[in-house]
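In: 3D, please:
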Amino acid sequence: MLPAQVAANIGQYRFVAFDVETACGAAHSICQVGFACVDHFGRIDTFSLLVDPKTAFAFFNIRLHGIDAARVSGAPDFPAVMAHLAPFMARQPIVQHSSFDQRAVTAAASHYQLDLPDFLWVNSVTIARKAWPEWIGNGGHGLAHLKKQLSLQFDHHDAGEDARAAAQVVLLAEQKLQRSLVEAHIPKAKRSKPPL
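Out: Residues are numbered from 1 along each chain as shown. A predicted model of the protein is given here:
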């Protein structure tokens, strides 16, 4: 399931930004996953996959991201996707914009009774707040506001596009503050975890 370019660069990425879209209000109903893989030079390899959530789609969610039951017909379910992608995700920090994506993965793993690796989750909202504290209470640090303020070009509510935007937010924050921020935001207890 990994694109050839990403598979060829496994072990070369500094972090991977990750995003999900869901079929309905249930956190486990992941219907799309997106990845933005960032190497040590700031180059981003992006890809996304449709996921069959094995549940009904809510009209609100379909309007938000444009994914419905017909689009995921024939797509792998969450266990099949994670069988291929969890080892890759466990190799480097996983950046999410807010904690929604981690909650969704945790909920889906519980729903399907999967034993997933303990991913190194980093929140790019926290990183954005460090770089642009003036937006706290003044538009905030959601992707929609950051898109406008940082002149980002992406289609919101597409998992691959949102993952790429989260990666760009981190890179711009690091450029502004002139230091690495992803590694600094890995929980202290997990910083010495060796890559798989």
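In: tell me where this structure has helices.
Out: Using DSSP state H, the helices assigned to the chain run over residues 4-8, 59-65, 69-72, 78-89, 100-111, 124-131, 143-150, 159-177.
In: pLDDT weak spots in this structure?
Out: Low-confidence segments of the chain, defined by pLDDT under 70: 189, 191-196.
In: so how far is stretch 183-192 off the chain centroid?
Out: Taking Cα atoms, centre = their mean, to the nearest Å, the mean C-alpha location of stretch 183-192 is offset from the chain mean by 18 Å.
In: next, the buried residues of that stretch.
Out: The neighbour-count check on stretch 183-192 (16 or more other Cβ atoms under 10 Å) flags 185-186 as buried. C-betas here are computed from N, CA, C, even on glycine.
In: do the same with stretch 118-135
Out: Applying a neighbour-count criterion of 16+ other Cβ under 10 Å, one finds 119-125, 127-128, 131-132, 135 buried in stretch 118-135.
In: go on, stretch 147-164?
Out: Buried positions in stretch 147-164, judged by neighbour count with 16+ other Cβ under 10 Å: 147, 150, 152, 154, 157-164.
In: what's the answer for stretch 80-91, then?
Out: Neighbour-count burial for stretch 80-91 [16+ other Cβ under 10 Å]: 81-82, 85-86, 88-91.
In: about what we covered before: in a markdown table: the buried residues of stretch 118-135, plus distance to Asp101.
Out: Formatted as a markdown table, the entries for these read as follows, by distance: Cβ to Cβ, whole Å:
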| residue | distance to Asp101 |
| --- | --- |
| Phe119 | 10 |
| Leu120 | 13 |
| Trp121 | 8 |
| Val122 | 11 |
| Asn123 | 10 |
| Ser124 | 10 |
| Val125 | 11 |
| Ile127 | 15 |
| Ala128 | 15 |
| Ala131 | 20 |
| Trp132 | 21 |
| Trp135 | 21 |
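In: all good on my end, thank you.
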